[in-house]
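Q: What follows is a predicted protein model with its sequence.
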Amino acid sequence: MTHCILIGAPVDQGQRRPGCLMGPAAYRVAGLPGTLMALGHTVEDIGDVLPGPAPDATCANPAVHHLPEMIAWTHALREAMAEALPRGLPVVMGGDHALALGSVAGAAIHAMREGRPLFVLWLDAHSDIHTVQTTTSGNLHGTPIAYALGLPGFDPFPPFPHPVPGRNICMFGIRSVDPAEHAAMLAIDITVNDMRVLDEQGIVAPLRAFLDRVAAAGGLLHVSLDVDFLDPSIAPAVGTTVPGGTTFREAHLVMELLHESGLVTSLDLVELNPFLDDRGRTAKLMVDLVGSLMGRKVFDRPTRSF
């Protein structure tokens, strides 16, 4: 049994398509607390995090928008995650992916206090390795990995508390990378399992190789699950759809392998935009995936008609 701590993070300013702020409510309505309790876990919902006052902050990149607000969100979510981790498994319900600027920082603080290395599994169509200075869209949901690595170019954000080595990060399922991000990844020792790798090798071998490294190091594992990791044909409720994502069964296999590893210590659910959903279809799928991560087997789930 695991004590699951639900943290609402209605972050909507990391990109330009409104709607992600409704994500935490959608996960609750789609039955996330009940799904976890039915599996024998205890659930504590601390409600939605509220950011403090936005600082008077600017940067040299004119494309960047909502910088002060995102700094405030980063502070608030870093503290919420660092406070929750000693008590259980935090599940951060987003909110766009900029929330990971704070959630991964909070996980890094906890790992540092525990004297254990932090590993990050990035389940996403995008690499999110821009900095505040390199982003051309100005969307800060494309920057969390660069921030976690401790790369320069994040003034006036607070320094990342304990940068994650590139070798401790695994990108899984990516298929949309711009030239600047590609160059950044080539310079850093990050494990990149893009969709070409998964098409050729399957899901199991690349994921188990990474999980074996986490286990051998005695690491803590933060998983960040973006809706666009999934193919848009099964998960339409995201503002950054990229064709060619994981199938229903592939995504569940990832979650099942993660559960069997026993390594996951914190989780992000990001980029759900209920305004773009079809009668809650994507929200329900994401809740089902969390169920698989937390121990539900295929034969535990009743057959449904759609």
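A: Cool, got the structure. Numbers count the residues shown, from 1 in each chain.
Q: mind listing the strands for the stretch 1-150 of the chain?
A: When assigned using DSSP state E, counting those that start in this stretch, the strands of the stretch 1-150 of the chain occupy the ranges 3-9, 42-48, 89-94, 118-123.
Q: wait, isn't Met70 in contact with Gln13?
A: Yes - taking contact to mean Cβ atoms under 8 Å, the distance of 5.9 Å between Met70 and Gln13 places them in contact. Using the backbone N, CA and C atoms, a C-beta is placed for each residue, glycine as well.
Q: ok, Ile7 - contacts?
A: With contacts taken as Cβ atoms under 8 Å, 6 or more residues apart in numbering, Ile7 has the following neighbours: Ile46, Val49, Leu77, Ala80, Met81, Ala84, Pro90, Val91, Val92, Met93.
Q: Quick check: mean pLDDT of the host helix or strand of His222?
A: His222 is part of strand 220-226, with elements assigned from DSSP states H and E. Over the span of strand 220-226, the pLDDT mean works out to 98.
Q: after it, next one along is what?
A: On the C-terminal side of strand 220-226, the nearest following helix or strand under DSSP H and E is helix 248-261.
Q: Note down every partner strand of the following helix or strand past that next one and its orientation.
A: Using DSSP H and E, the next helix or strand after helix 248-261 towards the C-terminus is strand 264-270. Paired strands of strand 264-270, with direction, are strand 89-94 (parallel), strand 220-226 (parallel) (DSSP bridges).
Q: Give me the angle between strand 264-270 and strand 118-123.
A: Between strand 264-270 and strand 118-123, the angle formed by their directions is 40 degrees, by axes from the mean of the first three to the mean of the last three Cα atoms, to 10 degrees.
Q: what helices or strands is the helix or strand following strand 264-270 leaning on?
A: Scanning the chain past strand 264-270 towards its C-terminal end, the next helix or strand to appear is helix 281-293 (assignment: DSSP H and E). Helices and strands in packing contact with helix 281-293 are listed as helix 23-29, helix 32-38, strand 220-226, helix 248-261, strand 264-270; criterion 3 or more Cβ pairs under 8 Å, 6 or more residues apart in numbering; DSSP states H and E.
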